[in-house]
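In: Let me see the structure of the following:
(one chain, ligands or ions: 1)
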Amino acid sequence: MYINGQWCEAADNSRFPVSNPATGDILGDVPNGGRDDVKKAIDAAADAFKSWSKTTAYQRSQFLYRAYTLMIEKKEHLAVTMTSEQGKPLKAARNEVQYGADFLLWYAEEAKRIYGETLPAPRGDQRFIVQQHPVGVVGAVTPWNYPISMLTRKIAPALAAGCTIVLKPAESTPLCAVEMFKIFEEAGIPEGVVNLVTAEDPKPIGDEFINNPKIAKLTFTGSTNVGKMLAQGAAANMKRVSMELGGHAPFIVFEDADPEHAAKGVSLVKFLNTGQACISPNRIFVHKSIAEPFIETLENRVRRMRGGNGMEDGISIGPLVGPGAVEKVERQVNDAVEKGARLVCGGHRLLDDGLDRGHFYAPTVLADVREDMLIYREETFGPVAPVLTFESEDEVLEKANDTNYGLAAYVYTPNIGRAFRMFEGLKFGIIGINDINPTAAAAPFGGMKESGLGREGGHEGIAEYLETKLGGFSI
Ligand code: NAD
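Out: Here you go, the predicted structure:
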């Protein structure tokens, strides 16, 4: 763990192991932090806040630039750590490291754009100014599916704003976090500004974040259930929260779209990170008139995908995070097939050639999916593409919006009017129109409804770490 600029063990000296989800091999172990450790880290961050919040935006920017440069220099090492620990194919890991580094670069610039305002005052002898101030010490919790970019997406804007931070990474991917904190140390970020607490049991850490009066803000990325619980706890103490939670993205293909092009798009975005992405399509609505060529192209592409260890060439399907994830996928697929879905391809675990040592499930396409199936409501977080058909624009818009989630949605159509109607009608925070990757460090990322609160990335991302302060001056 990294607390107050020092690498340290847990207070009780315990550690926990980290394994490779593709092989089951133990990669190493890390300190198993508890409540005393996180308290110590919060104290350090609170002390450091006194001076860090007084640094100039130009100084903070320089630290972030240095961390960006180091990340790019160490890109291959970070990517290999990620593939070993998280499982995604090496090429995807490299892309994630770049995406993660982009947040450091973007917020190195945004630090210098924390502007204020002067306002006309109602009295002649009065002047109003508005400034933005850092909220204070931030408690951050990140998931395992994007173990580096989810971390920089929080740390970069927090530091740029003048906040200090204590981060708890997911228990299955602490090694990526350790490598990132080595970079922050090498970048010369002053002691106590960034602190890392690794823990096998997240609950005591979350409880301390919620209850410790020195924490001003909680930022969380993970499942909706845990997010709701943490937000409830934070509300009791009126702490600020940002919540990036689950999704259940609709992917809508209209009759005027090219079915082959759309099927290619789905195959790329659905199976990215083996379906373990919050913006992964979870209901693929295809117009009835083009369903056949769409499914045929999708099937052909999916049958060519190879599952295996992401360190090997030609692998596009890595392991799932653990046995529970495989069971969830299996349960959803079996439920759908029992209720009448057509299994187009896949639908089983991958066990040959040593894959039984990891957590692999074959890339799967289901057709004739219906609303009474589990997969229609539950986030899958696995390599399953469920296809449904529709007949009219109104019908598909209503169905797409019929979910408690509101993170990402995708639409394929060349009709500009329809594209606008869908963009405006879909109740989701991120909408890709003929575009499967509507994300970047410069763009606001986040969800509506139970997909979360607040945005990360873009100029919105730094506002999450700032408080507005009004000064009224009588002259
Ligand atoms: P999870 O909620 O189980 O875990 C996420 C993090 O929360 C981990 O660090 C975990 O240790 C921690 N955690 C769990 N219980 C906690 C508690 N009681 N107190 C404090 N921390 C606790 O989610 P997961 O399964 O690891 O991640 C997948 C979920 O994350 C999916 O639902 C996915 O959609 C979501 N996600 C959302 C985004 C987004 O930007 N909206 C991005 C990535 C992942």
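In: what sits against the residue of the stretch 251-400 of the chain at minimum distance from the ligand?
Out: In the stretch 251-400 of the chain, the residue that lies nearest the ligand is residue 278 (3.1 Å; C-beta to the nearest ligand atom). Backbone N, C-alpha and C define where each C-beta goes, glycine included. Going by C-beta atoms under 8 Å, 6 or more residues apart in numbering, residue 278 touches 145, 244-247, 407-408, 447, 451.
In: run the last query once more with 7 Å
Out: 246-247, 407 (C-beta atoms under 7 Å, 6 or more residues apart in numbering).
In: Write out the residues of the stretch 301-450 of the chain neighbouring the ligand.
Out: By the rule C-beta under 6 Å from any ligand atom, the part of the stretch 301-450 of the chain lying against the ligand is 379, 381, 407, 447.
In: Scan those residues and report the most crowded one.
Out: The most crowded member of those, judged by other C-beta atoms under 10 Å, is residue 407 (28 neighbours).
In: Kindly report the residues of the stretch 101-250 of the chain close to the ligand.
Out: Counting by C-beta under 6 Å from any ligand atom, the residues of the stretch 101-250 of the chain near the ligand are 141-146, 150, 170-171, 202-203, 205-206, 221-223, 226, 230, 244-247.
In: Pick the one among the contacts of residue 278 closest to residue 266.
Out: Nearest to residue 266 among the contacts of residue 278: residue 247, at 15.4 Å, using C-beta to C-beta.
In: show me where pLDDT drops low in this structure?
Out: Residue ranges of the chain with pLDDT under 70: none are present.
In: Which of the contacts of residue 278 fall in strands?
Out: Applying DSSP state E to these, no entry is found in strands.
In: now those in JSON lines, with distance to residue 389?
Out: Listed next are the contacts of residue 278 as JSON lines, based on distance: C-beta to C-beta, whole Å:
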{"residue": "246", "distance to residue 389": "25"}
{"residue": "247", "distance to residue 389": "22"}
{"residue": "407", "distance to residue 389": "24"}
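In: which one of these sits closest to residue 109?
Out: residue 407 (26.2 Å).
In: In this structure the closest one contacts residue 280, no?
Out: No - between residue 407 and residue 280 there is no contact under C-beta atoms under 7 Å: 9.6 Å.
In: how's this structure carved up into domains?
Out: With domains defined by automatic domain parsing, the chain comprises 2-245+449-474, 249-433.
In: List the ones among the residues of the stretch 101-250 of the chain next to the ligand that fall in strands.
Out: Using DSSP E, those in strands are 141, 221, 244.
In: Grab the nearest non-local neighbour of the first one.
Out: Right, residue 141. Excluding its sequence neighbours, the residue lying closest to residue 141 (C-beta to C-beta, 6 or more residues apart in numbering) is residue 220, at 4.7 Å.
In: what's the spacing between that neighbour and residue 266?
Out: 29 Å (C-beta to C-beta, to the nearest Å).
In: again with residue 81
Out: 30 Å.
In: what do you get for residue 323?
Out: 27 Å.
In: of those two, who's got more company?
Out: Taking other C-beta under 10 Å, residue 323 and residue 266 do not tie; residue 266 has more neighbours (25 against 10).
In: Identify the residues contacting the helix or strand containing that one?
Out: Assigned by DSSP states H and E, residue 266 falls within helix 259-270. Contacts of helix 259-270 with the rest of the structure, by C-beta under 7 Å, 6+ apart, involve 251, 253, 280-281, 284, 290, 293-294, 297-298, 301-302, 385, 412, 436.
In: could you check the angle helix 259-270 makes with whatever helix or strand comes next after it?
Out: Next along the chain after helix 259-270, taking DSSP H and E as the criterion, comes strand 281-287. For strand 281-287 against helix 259-270, the angle by axes from the mean of the first three to the mean of the last three C-alpha atoms, to 10 degrees is 170 degrees.
In: which strands and helices sit next to the next helix or strand after strand 281-287?
Out: Downstream of strand 281-287, the next assigned helix or strand under DSSP H and E is helix 291-303. Judged by 3 or more C-beta pairs under 7 Å, 6 or more residues apart in numbering; DSSP states H and E, helix 291-303 is in contact with helix 259-270, strand 342-345, strand 364-367, strand 384-390.
In: Now stretch 281-296: buried residues?
Out: Buried residues in stretch 281-296, counted by 16 or more other C-beta atoms under 10 Å: 281-287, 290-291, 294-295.
In: need these in TSV with distance to the ligand, can you?
Out: Shown next, in TSV, are those (distance: C-beta to the nearest ligand atom, whole Å):
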residue	distance to the ligand
281	13
282	10
283	15
284	17
285	20
286	23
287	27
290	29
291	27
294	25
295	26
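In: can you tell me which two in those residues are farthest apart?
Out: That would be 282 and 290, which, of these, are the farthest apart (C-beta to C-beta) at 20.4 Å.
In: OK, contacts around the residue nearest the centre of the chain?
Out: Residue closest to the average C-alpha location in the chain (C-alpha atoms, centre = their mean): residue 150, at 5.2 Å. Going by C-beta under 7 Å, 6+ apart, residue 150 touches 142-143, 221.
In: doesn't residue 128 fall inside a strand?
Out: Yes - using DSSP: H, G, I helix; E, B strand; the rest coil, the assignment for residue 128 is a strand.
In: and residue 471, helix, strand or coil?
Out: Under three-state DSSP, residue 471 comes out as strand.
In: For it, give me its contacts.
Out: Contacts of residue 471 (C-beta under 7 Å, 6+ apart): residue 129.
In: what's the spacing between it and the ligand?
Out: Computed as C-beta to the nearest ligand atom, to the nearest Å, the residue 471 to the ligand distance reads 35 Å.
In: which residues does that residue form a beta bridge with?
Out: residue 129 (DSSP bridges).
In: For the longest helix along the chain, buried residues please.
Out: When the chain is scanned for its longest helix (criterion: DSSP state H), the result is helix 90-110. Under the neighbour-count criterion of 16+ other C-beta under 10 Å, helix 90-110 has 90, 92-94, 96-108, 110 buried.
In: go on, stretch 16-24?
Out: For stretch 16-24, by 16+ other C-beta under 10 Å, it's 16, 18-23.
In: farthest-separated two in these?
Out: Top of the distance list for the buried residues of stretch 16-24 (C-beta to C-beta): 16 and 22, 19.5 Å.
In: Now name the helix or strand holding residue 178.
Out: helix 174-186.
In: Tell me how far that helix lies from the chain's centre.
Out: Offset of helix 174-186 from its chain centre (C-alpha atoms, centre = their mean, to the nearest Å): 18 Å.
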